[in-house]
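J.: I'd like to go over a predicted model; first the sequence, then the structure.
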Amino acid sequence: MNMAEVPDKSTNRQQFSAMNLYEKFEHVVILILGGIIAVIVVASMWTLLREVASSVFLNGFVPLPFAKFQVLFGMIFTVVIALEFKRSLLVAAERSFGVLQVRTIVLIALLAIVRKFIIADLSELSPLKIASLSGAVLALGAVYWLVRDQDRREAQNEEL
């Protein structure tokens, strides 16, 4: 975002004063949640950095066991999911549509399930649980594709 796109404070105040009571409440809640998520991301990053430093540098670059990789990538995905959620809240706060778009919710759910696959020891999971998670990924992927396709068609109709 360049400086020409950044709204000044008076524009923000005008937009806030034009909102009804529920929209103001929703906006304040989004800002508070954004702050909480920012704190969680910073704490998660600090923990991740400490874990990487102790695993890689303090152990003399000894190859990490698979379980340690799972933990590290699980931590990375936790940060990515939190950042995506925070970004979606910020987008919702600056636009006039509802709190979150369906596409964003589906994407966050997909990230969470992929994280589960990465950190899980598949040899210890039951076939039913693996099938359930796989089915959830397929269903969410189909919903994401349908929503994206609908958004594309709506954009084409607006151009006409």
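T.: Perfect, thanks for sending it.
J.: Tell me which residues of stretch 67-79 come out buried.
T.: Neighbour-count burial for stretch 67-79, with 16 or more other C-beta atoms under 10 Å as criterion, is recorded at Val71, Leu72, Met75, Ile76, Phe77, Thr78, Val79. Every residue, glycine included, has its C-beta placed from N, CA and C.
J.: Hmm, I typed the wrong one, I wanted stretch 142-152.
T.: Taking 16+ other C-beta under 10 Å as the basis for neighbour counts, the residues of stretch 142-152 that come out buried are Val143, Tyr144, Val147.
J.: Now the last one: phi and psi?
T.: Backbone torsions for Val147, taken as degrees, to the nearest 10, come to phi -70, psi -40.
J.: For Leu107, see how far away it is.
T.: Taking C-beta to C-beta, to the nearest Å as the measure, Val147 and Leu107 are separated by 10 Å.
J.: Repeat that for the first one.
T.: Taking C-beta to C-beta as the measure, Val143 falls 10 Å from Leu107.
J.: circling back to that earlier point, so what sits against both of Val147 and Leu107?
T.: Common contacts of Val147 and Leu107, defined by C-beta atoms under 8 Å, 6 or more residues apart in numbering, are absent altogether.
J.: Where does the prediction get shaky in the protein?
T.: Across the chain, the ranges flagged by pLDDT under 70 are 1-13, 61, 95-100.
J.: Which residue of it lies farthest from its centroid?
T.: Gly60 (33.7 Å; C-alpha atoms, centre = their mean).
J.: which parts of the helix or strand that His27 is a member of are buried?
T.: When elements are assigned from DSSP states H and E, His27 belongs to helix 21-52. Taking 16+ other C-beta under 10 Å as the neighbour-count basis, helix 21-52 is seen to contain the buried residues Glu26, His27, Ile30, Gly34, Ile37, Val41, Ser44, Met45, Leu48.
J.: Can you get me a residue count around the residue nearest to the second one when sequence neighbours are not counted?
T.: By that I understand His27. Among residues not flanking His27 along the chain, Ala93 sits closest, at 6.0 Å (C-beta to C-beta, 6 or more residues apart in numbering). Here the number of neighbours of Ala93 (other C-beta atoms under 10 Å) works out to 16.
J.: any chance you could map the helices in the protein?
T.: Remark: helices assigned in the chain by DSSP state H are 9-18, 21-52, 66-94, 102-119, 127-159.
J.: The longest one vs helix 102-119, what angle?
T.: Compare the direction of helix 127-159 with that of helix 102-119 by axes from the mean of the first three to the mean of the last three C-alpha atoms, to 10 degrees and you get 150 degrees.
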